[in-house]
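Enquirer: Please find the sequence and the predicted model below.
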Amino acid sequence: MNLIVTGGAGFIGANFIYYELRTHPEDRIVCYDALTYAGNIATLDEACKAPNFTFVCGDIADRAAVYVLFEREKPDVVINFAAESHVDRSIENPEIFLQTNIIGTSILLDACRKYGIERYHQVSTDEVYGDLPLDRP
Ligand SMILES: NC(=O)c1ccc[n+]([C@@H]2O[C@H](COP(=O)([O-])OP(=O)(O)OC[C@H]3O[C@@H](n4cnc5c(N)ncnc54)[C@H](O)[C@@H]3O)[C@@H](O)[C@H]2O)c1
């Protein structure tokens, strides 16, 4: 399978990439990340040594770049970890949150529809998905 993992230079995305490389060595992973203050390419140093891993620097809110990426990589699955994730910062500068979390996500969804991607996984938070009661299976 070909995977595009957006935001893979961040905290959860990088851990997911190492998990995926370990458990599904037959998969091809392309990490697409804008390397904002939250992204750290050094966390992917080991992953970059794997022949089935590629890093591409780019913004999920850049429609043209996202379409070029999808066209070239032909992903089976897209997993989006790219986000402005620190809530306190949204009080100081809400615009970048709207740009990445709303516009960027909608561009990824458009790309999935345009290129017929069957599985898109949106990683987010309880502010978006709602609470899950502890007793729910
Ligand atoms: N860390 C947690 O404890 C936690 C808990 C619940 C939910 N989440 C959610 O999981 C997701 C990932 O969280 P995280 O902690 O790994 O975030 P993070 O801030 O560590 O990483 C975000 C990554 O996204 C990249 N990025 C930001 N804007 C981008 C853009 N426009 N285009 C491409 N890449 C961009 C950054 O460079 C960074 O590598 C977020 O949606 C977050 O809300 C995180």
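Expert: Thanks, I have it. It should be emphasised that the depicted structure is a prediction, and the values quoted were computed from it without experimental measurement. Numbers count the residues shown, from 1 in each chain.

Enquirer: how near is Thr54 to Glu46?
Expert: Between Thr54 and Glu46 the distance is 14 Å, computed by CB to CB, to the nearest Å. Using the backbone N, CA and C atoms, a C-beta is placed for each residue, glycine as well.

Enquirer: Kindly report the same for Leu132.
Expert: For Leu132, the distance to Glu46 - CB to CB - is 33 Å.

Enquirer: what residues does the protein put near the ligand?
Expert: 6-7, 9-13, 33-36, 38-39, 59-61, 81-83, 85, 100, 104, 123-125 (CB under 6 Å from any ligand atom).

Enquirer: Show me what the longest helix anywhere in the chain is packed against.
Expert: Counting by DSSP state H, the longest helix found in the chain is helix 11-23. On a contact count with 3 or more CB pairs under 8 Å, 6 or more residues apart in numbering; DSSP states H and E, helix 11-23 meets strand 2-6, strand 28-33, helix 45-48.

Enquirer: Any chance of the ones you listed in a markdown table with mean neighbour count as columns?
Expert: Compiled in a markdown table, those are given as follows (neighbours: other CB atoms under 10 Å):
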| stretch | mean neighbour count |
| --- | --- |
| strand 2-6 | 24 |
| strand 28-33 | 24 |
| helix 45-48 | 14 |
